[in-house]
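> dropping the sequence and predicted coords here.
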Amino acid sequence: MSTFIKIKALRQSLSSSEAKLADFTLNSANEIRNLSSNELAIAVGVSQSSVVKFSQKLGYKGFPAFKLAVIDALNGEPFEPKPQGKITRSDTIEQLSEKLISNQHAVLNETKDLNETAAFERAVALIKGSKRILICGEDDSGLIAKGFSHKLQQLGIPAIAELNHAVLLPYVKTFDNNDLIIAITESGCTPNIVNVIKHAKQNNCNVISLTKYGSNPVANSAHVQLYTIADEKSARLQSILTRTAQDFVIDMLFMSLTQSIR
């Protein structure tokens, strides 16, 4: 997974010092090639310990490993056109169309890069090997859950999506290690979904999560973690991009399943 994709996915959850380092890395990555951790700290205006902690938060042992990952990303990162500006109230229909397509294209590519092939393979194996499958989500994620359950049913896979928490919880309590929960929640912190996962884990039930990248209660409890990215400050566009990313992951699972089922 590209270091730049990791940083973009975690950007909103970073501290002030970490955010400065993230922005410097994304905007001036080439400069990092020739900097020590102390020199990077001075350039950004943070402490050297912040550089080390930032590197570790991204999953690297320290700054040297982070620096090598940045260099690898620079050497192997294909050019991707940036989204064509923020959507504004003065945009014409044509401008809205171009900007929406550009933003969705960026989110699809970044979501693809967030998810390892091995994670998709493990998810497919769990889905195929489960006796019962329950897909849960709320609000927009609930609609994604419903759509995925219908797709799995088309393949003859026993999956349902239940959006009523009062019905959902008693049903989950009957699950065991032959069953599977697929939890879809952008934040990974939705209280009802977290509660469902808690009971699923108590019964040794398998869990696949689809959340934003990074540490969160749902992903931390899952056997397989799949991720989406929708780093957008506009609430309206955020909702669209989150749904775009979730649909992409679900469609990848569905297509992988159709290829593996004979």
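In hand now; what should we look at? Numbering: from 1, shown residues only.
> would you mark the buried spots in the lengthiest helix in the chain?
In terms of residue count, the longest helix belonging to the chain (DSSP state H) is helix 235-260. Neighbour-count burial for helix 235-260 flags 237, 240-250, 252-254, 256-257 (criterion: 16 or more other C-beta atoms under 10 Å). No exception for glycine: its C-beta is placed from N, CA and C like everyone else's.
> cool, stretch 134-150 as well?
134-138, 141-149.
> may I ask which two of those residues are separated the most?
L134 and L143 (16.0 Å; C-beta to C-beta).
> re earlier: and the buried residues of stretch 134-150 as JSON lines, adding distance to N177 and pLDDT?
Shown next, in JSON lines, are those (distance: C-beta to C-beta, whole Å; pLDDT from 0 to 100):
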{"residue": "L134", "distance to N177": "14", "pLDDT": "95"}
{"residue": "I135", "distance to N177": "18", "pLDDT": "95"}
{"residue": "C136", "distance to N177": "18", "pLDDT": "93"}
{"residue": "G137", "distance to N177": "23", "pLDDT": "91"}
{"residue": "E138", "distance to N177": "26", "pLDDT": "89"}
{"residue": "S141", "distance to N177": "25", "pLDDT": "91"}
{"residue": "G142", "distance to N177": "26", "pLDDT": "91"}
{"residue": "L143", "distance to N177": "29", "pLDDT": "93"}
{"residue": "I144", "distance to N177": "26", "pLDDT": "94"}
{"residue": "A145", "distance to N177": "22", "pLDDT": "94"}
{"residue": "K146", "distance to N177": "26", "pLDDT": "94"}
{"residue": "G147", "distance to N177": "27", "pLDDT": "94"}
{"residue": "F148", "distance to N177": "22", "pLDDT": "96"}
{"residue": "S149", "distance to N177": "21", "pLDDT": "95"}
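> return the subset of the residues you listed lying in helices.
Per DSSP H, those map to helices at S141, G142, L143, I144, A145, K146, G147, F148, S149.
> so how far is Q246 from the third one?
It stands for L143. Using C-beta to C-beta, to the nearest Å, L143 is found at 9 Å from Q246.
> part of a helix, is Q225?
No - assessed with DSSP: H, G, I helix; E, B strand; the rest coil, Q225 is strand; it does not lie in a helix.
> that one: what's it in contact with?
Counting by C-beta atoms under 8 Å, 6 or more residues apart in numbering, Q225 makes contact with A119, S209, T211, A219.
> which other helices and strands does the helix or strand that contains the last one contact?
With elements taken from DSSP states H and E, the one containing A219 is helix 217-220. Secondary structure elements in contact with helix 217-220, counted by 3 or more C-beta pairs under 8 Å, 6 or more residues apart in numbering; DSSP states H and E, are helix 191-202, strand 206-212.
> most tightly packed of those?
By mean neighbour count, with neighbours taken as mean count of other C-beta atoms under 10 Å, strand 206-212 ranks first of the helices and strands packed on helix 217-220 at a mean of 25.
> what helices or strands is it leaning on?
Secondary elements touching strand 206-212 (3+ C-beta pairs under 8 Å, 6+ apart): helix 117-129, strand 180-184, helix 191-202, helix 217-220, strand 224-228, helix 235-260.
> kindly provide the distance from the nearest residue to H199 once chain neighbours are set aside to A183.
In space, and not counting its chain neighbours, H199 is closest to V172: 5.1 Å by C-beta to C-beta, 6 or more residues apart in numbering. Taking C-beta to C-beta as the measure, V172 falls 11 Å from A183.
> and for I7?
According to C-beta to C-beta, I7 stands 25 Å off from A183.
> same question, R132
Taken as C-beta to C-beta, the span from R132 to A183 is 15 Å.
> the more surrounded of V172 and A183?
A183 (26 against 22; other C-beta atoms under 10 Å).
> hmm, the more buried one is touching A222, no?
Yes - using C-beta atoms under 8 Å, A183 makes contact with A222 at a distance of 7.1 Å.
> appreciated, that's everything.
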